[in-house]
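>>> Sequence first, predicted model second:
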Amino acid sequence: MRTTMPKAEQITRKWYVVDAAAKSLGRLAVEVAKILRGKHKPLFARHLDIGDFVIVVNADKVRLSGRKAEEPIYWHTGYPGGIKSITRGKLLAKKPDQLIIRAVRGMLPHTTLGKHMLMKLKVYAGPEHPHEAQKPEPLALP
């Protein structure tokens, strides 16, 4: 039995739109990462970017369960003494799109392939998005 490798002409990309209102952050990020990676397709290959584009709207209405709103997120600037932090609740209030991007990025490969997959994610705080020309299909999340 031979393994088939998807060719470039076999890869077709769709656009999906997801409404994040009243959805849990982690459960939303899992489904979005699955679509970006291409795991829902029968031609899935770990070493290729065959995933679809995802538009997330209403990012400011995403839910944080439990005490996750009080948990800090840390990062380092690269300079001595450059440790920074912000709580998830404050990040949701200031930049809700960055909160979703950060959650999805953690579920993708930590390589250049993962960076290319993340570029297909578009996140908007409100219900409007400028991608109507791509005719995105609504994605029903469980």
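Structure received.

>>> in what helix or strand does the most centrally placed residue in the chain lie?
For the chain, residue 104 is the residue whose C-alpha lies nearest the centre (Cα atoms, centre = their mean; 3.9 Å). Secondary structure assignment for residue 104, by DSSP states H and E: helix 96-105.

>>> Show me what that helix is in contact with.
Residues from elsewhere that reach helix 96-105 (Cβ atoms under 8 Å, 6 or more residues apart in numbering): 20, 25-26, 28-29, 32-33, 36, 56, 59-60, 62, 73, 88, 91-92, 114, 118, 121, 123-125. For every residue, glycine as well, the C-beta is placed using N, CA and C.

>>> from those residues, which ones fall inside helices?
25, 26, 28, 29, 32, 33, 36, 88, 91, 92, 114, 118 (DSSP state H).

>>> Quick check: nearest residue in space to the fourth one, chain neighbours excluded?
Distance criterion Cβ to Cβ, 6 or more residues apart in numbering; nearest residue to residue 29, sequence neighbours excluded, is residue 103 at 3.9 Å.

>>> for residue 26, same thing?
residue 103 (6.7 Å).
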